[in-house]
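Asker: below: sequence and its predicted model.
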Amino acid sequence: MVTLADIKSKVIQVWQNDHIILPSVTAAQFILESASGTSPLAKVANNLFGIKASAPWSGEIHTMTSNEEITGSMLPQSSKFRKYPTWQASVQDHSDFFTSTEFRKTHYAAVIGGTDYKTVCNALAKTYATDSAYGTKLIAIIEANDLQRWDELEGEKTMSYVINDRRDSALGGQSKDRNLSAITTIGWHYSAVMRSVRKFITGHEEYWKNTLGWDRGGYHFYIDADGNIWQNYDYERITWGVYNNNGYVVHISVEAGNGNDYSPAQVAAREWLTRKIMSDLNISASNVKGHNEIYNNSSCPGYTKAQMDAFRAKLAQPAQAAAPEPVVQTRVPVSYDATVISGGYSIDSKPWGEDAMINWGTTDAHVGKKFYFYEENETGEYANAKGVGWIDKRAIEKDKVVVASLLHLPNGQNWTTYPPEGPYTAGDVISLEGPNGECVYTILGERNGGKVLIVELENFGTVGLYYDTDKGATITQVLG
């Protein structure tokens, strides 16, 4: 059973990386939504926050009954919830949830990046949960457990990592194939599968066994898409990480598809783990090498020699000397979409002015792509794109929104929906209930001469909605 103490480091780490929802609020939601990790949903589905399987979720689903507030009463309703492979994945997805759709970015605007726990808690009432007293309950939990102190730990640079032990279930098991004295090198790898796929080590093991016919896996340690560390093999076990060069290497692989796909959390976890192995086995920083430096039959781990040299130079210094407390520029929460319009600008793990900034690559591969930006540095020179990293703002162009149209739908009416592109001769009739007597949606477009409006609904995704003024539907023009 996962506990409040178990999730602390992960919750703070996710806030440091994403700056979406305060650690204190996440912790309070964990206590309330999962009964401190004891609820059936937490035990069966690793779902610590009661998140339902609404779009764009495409993972496993667990169906169960939950109480929902309907017209002022708490009534049992059968619902589909997200099922996670690990509780750590639940913590990360809880943060990702608030910006996972255009609707949620607007719906949770007062939550995203908020730094006052009371304001954030109150903004979650009747938005995240149907319970009108939800915010009050969260605030009481935070103050009773002194959880607001978690928010003050945001500036800590030293994370306490847990190595998750799966050696008993790893492909091929354990064997003493070599002596510790034979190990001279630490090898870095990527998995060659994009982080967004969240394949996990078991998926790679199936491929190695069923397709390649291997009797064991490739890596002693594996860092998953959320930055969690997993140990697959003892040091003394030889694994198949680099062709014909495995007898003297300990292998670390990060779930990433290329050299630009690593997250800051993964890089930080890899540095911590590498330092631990260096200490355990008395290996020097000069013997930390990329796959292609050990045997050049792959581009793995996606770094140039200059980049690897920079990593080695940092690893050669004591951890504290390598990461002195800098004069940190304030991070400012923002919320907007922007398109990368220029190549040649840097994508980094942190904005200039913060310590341990690492260059991930350039904007060349992202020209023409749109991303959601959720924070900027104090000077406004760099912006952090969800799932990408810090981008020089000279390379991006914000979406221009001059006027936004809002559709108001009074409660107590049924509304007809259509696929966004039609046909519009028939549709589903649905009932939409808002917390304040009406539902309000941003109009994304219109069809059929303005009779069908394109909106994004929380439980149905992007749909066409028949604009029926006879039922009291209205459109308000507001400055964007």
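Answerer: Yep, that arrived. Remember, it's a predicted structure, so these values are computed and weren't measured experimentally.
Asker: so what's the residue count around residue 313?
Answerer: Look at residue 313: counted by other Cβ atoms under 10 Å, it has 12 neighbours. The way it works is simple: take the backbone N, C-alpha and C, and place the C-beta from them, glycine included.
Asker: quick one: residues contacting it.
Answerer: residue 285 (Cβ atoms under 8 Å, 6 or more residues apart in numbering).
Asker: in terms of pLDDT, where does it sit?
Answerer: Residue 313 carries a pLDDT value of 91.
Asker: and for residue 38, the neighbour number?
Answerer: Neighbours of residue 38 (other Cβ under 10 Å): 11.
Asker: gap between it and residue 89?
Answerer: Using Cβ to Cβ, to the nearest Å, residue 38 is found at 19 Å from residue 89.
Asker: where does the stretch 201-350 of the chain have low pLDDT?
Answerer: Across the stretch 201-350 of the chain, residues meeting the criterion (pLDDT under 70) sit at 319-330.
Asker: helices along that one, start to end?
Answerer: 264-281, 291-294, 305-315, 319-322 (DSSP state H, counting those that start in this stretch).
Asker: right, and those - which one's nearest residue 390?
Answerer: Using Cβ to Cβ as the measure, helix 264-281 is the one of the helices of the stretch 201-350 of the chain that comes nearest residue 390, at 9.1 Å.
Asker: so which elements touch the closest one?
Answerer: helix 4-18, strand 185-190, strand 221-223, strand 249-254, helix 305-315 (3 or more Cβ pairs under 8 Å, 6 or more residues apart in numbering; DSSP states H and E).
Asker: buried sites along it?
Answerer: 264-275, 277-278, 281 (16 or more other Cβ atoms under 10 Å).
Asker: quick check, nearest of those residues to residue 145?
Answerer: For the buried residues of helix 264-281, the nearest to residue 145 is residue 265 (25.1 Å; Cβ to Cβ).
Asker: look up phi and psi at the residue nearest to the closest one when sequence neighbours are not counted.
Answerer: Nearest residue to residue 265, sequence neighbours excluded (Cβ to Cβ, 6 or more residues apart in numbering): residue 227, at 3.1 Å. Phi and psi for residue 227, reported as degrees, to the nearest 10, are phi 90, psi 10.
Asker: would you mind measuring from residue 227 to residue 184?
Answerer: 27 Å.
Asker: hmm, back to that, contacts only, for the residue nearest to residue 265.
Answerer: 13, 17, 263, 265, 266, 268, 269 are the contacts of residue 227 under Cβ under 8 Å, 6+ apart.
Asker: quick one: it from residue 38, how far?
Answerer: 26 Å.
Asker: same check, this time on residue 411
Answerer: Taking Cβ to Cβ, one finds residue 411 at 36 Å from residue 38.
Asker: compile the helices and strands packed on helix 264-281 into a markdown table and extend it with columns for distance to residue 132.
Answerer: Below are those laid out as a markdown table (distance: least, Cβ to Cβ, whole Å):
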| stretch | distance to residue 132 |
| --- | --- |
| helix 4-18 | 26 |
| strand 185-190 | 47 |
| strand 221-223 | 42 |
| strand 249-254 | 44 |
| helix 305-315 | 51 |
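Asker: so which of the ones you listed comes closest to residue 375?
Answerer: Closest among the helices and strands packed on helix 264-281, using Cβ to Cβ: helix 4-18, at 8.7 Å.
Asker: angle of the closest one against helix 264-281?
Answerer: 120 degrees (axes from the mean of the first three to the mean of the last three Cα atoms, to 10 degrees).
Asker: which elements pack onto helix 4-18?
Answerer: helix 23-34, helix 87-97, helix 148-152, helix 264-281.
Asker: what sits up against the shortest one?
Answerer: Residues outside helix 148-152 that contact it (Cβ under 8 Å, 6+ apart): 8, 11, 12, 22, 23, 24, 27, 115, 117, 142.
Asker: if we go to 6 Å?
Answerer: Here helix 148-152 makes contact (Cβ atoms under 6 Å, 6 or more residues apart in numbering) with 22, 23, 24, 117, 142.
Asker: perfect, I'm done here.
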